[in-house]
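K.L.:
Build me a structure from this.
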Amino acid sequence: MPIQKISEVNSTLNEIVLLCERTQNRAGYFAALYKRMTNAVAAGILEGAFQDGPRMEKLDLVFAQRYLDAWDAHQQRTSCSASWQSAFDNCADNGLTVIQHIITGINTHINLDLAIAAATIAPGDSIHELEEDFNRINNVIAALIEDVQECLCQVWLPMRLLASIANNRQEAVLNFSIGIARKTAWANALLLAYPHG
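P.N.:
Take a look at the predicted model:
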């Protein structure tokens, strides 16, 4: 069902997280992170952090719908994008760390879905009007990384050891992964915004 408000995104993500907790599904790691990021973007919209709040809300909804549709398809065992199918299949791999599960979700959702969502809400020349707000999301996400690391320490005990050994370099890895993914998403959004150009 199409979502109309960011609050609906949050409640649906919360349901996914709770289901994943009950079923021990590692897809919950990404869903929990995504919920935090969605809350942060929603707060940024309310606080006037973006040039065009309504446009950013529309982007957030189109973006989230792609993940929620992929999740529903996976749950119903119907087809979804190859990228999401691979990400969901990887959740059964006990050999992957929590960070690897999170980065797999980040790369899929940002590299694929964000580019499509951006081009959908800002086709043609209007894509350029979106660029500044698109880039501002990086600052919102970067501010969450320390909090995310602390949460990871609570749900995945090896993270505490990793944090002490790595001297917080894993924060840089997450920030780097998200930053590179968003740069790729913007390049792809530009291509998708001009489908016949």
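K.L.:
Point out where this protein drops to low pLDDT.
P.N.:
1, 141-177, 196-197 (pLDDT under 70).
K.L.:
just the strands in the protein please.
P.N.:
Assignment of strands within the chain using DSSP state E yields no ranges at all.
K.L.:
Relative to Arg66, how far out is the closest residue to Leu192 other than its chain neighbours?
P.N.:
Distances taken as CB to CB, 6 or more residues apart in numbering place Ala119 nearest to Leu192, at 3.6 Å, with adjacent residues excluded. All C-beta atoms are positioned from the backbone trio N, CA, C, and that covers glycine. For Ala119, the distance to Arg66 under the criterion CB to CB, to the nearest Å works out to 12 Å.
K.L.:
same thing with Asn139?
P.N.:
Separation of Asn139 from Arg66 (CB to CB) stands at 23 Å.
K.L.:
Could you check which of these two is surrounded by more residues?
P.N.:
Set side by side, Asn139 and Arg66 give different neighbour counts by other CB atoms under 10 Å, the larger being at Arg66 (20 against 11).
K.L.:
residues contacting the more buried one?
P.N.:
For Arg66, the set of contacting residues under the criterion of CB atoms under 8 Å, 6 or more residues apart in numbering consists of His109, Leu112, Asp113, Ile116, Ala117.
K.L.:
Surely the last one touches Phe63?
P.N.:
Yes: under the contact definition of CB atoms under 8 Å, Ala117 touches Phe63, with a separation of 4.0 Å.
K.L.:
List the buried residues in stretch 8-26.
P.N.:
Going by neighbour count (16 or more other CB atoms under 10 Å), the buried part of stretch 8-26 is Val9, Asn10, Thr12, Leu13, Ile16, Val17, Cys20, Asn25, Arg26.
K.L.:
Who are the contact partners of the fifth one?
P.N.:
Ile16 sits next to Ala27, Gly28, Ala31, Trp71 when contact means CB under 8 Å, 6+ apart.
K.L.:
now the third one
P.N.:
For Thr12, the residues meeting the contact criterion (CB under 8 Å, 6+ apart) are Ile3, Leu68.
K.L.:
again, only using 7 Å
P.N.:
The contact partners of Thr12, by CB atoms under 7 Å, 6 or more residues apart in numbering, come to Leu68.
K.L.:
Could you check how far it is from Gly105?
P.N.:
Relative to Gly105, and taking CB to CB, Thr12 is found at 15 Å.
K.L.:
cool, and the first one?
P.N.:
Val9 sits 15 Å away from Gly105 when distances are taken as CB to CB.
K.L.:
same deal with the fifth one?
P.N.:
According to CB to CB, Ile16 and Gly105 sit 11 Å apart.
K.L.:
go on, the second one?
P.N.:
Distance from Asn10 to Gly105, counting by CB to CB: 17 Å.
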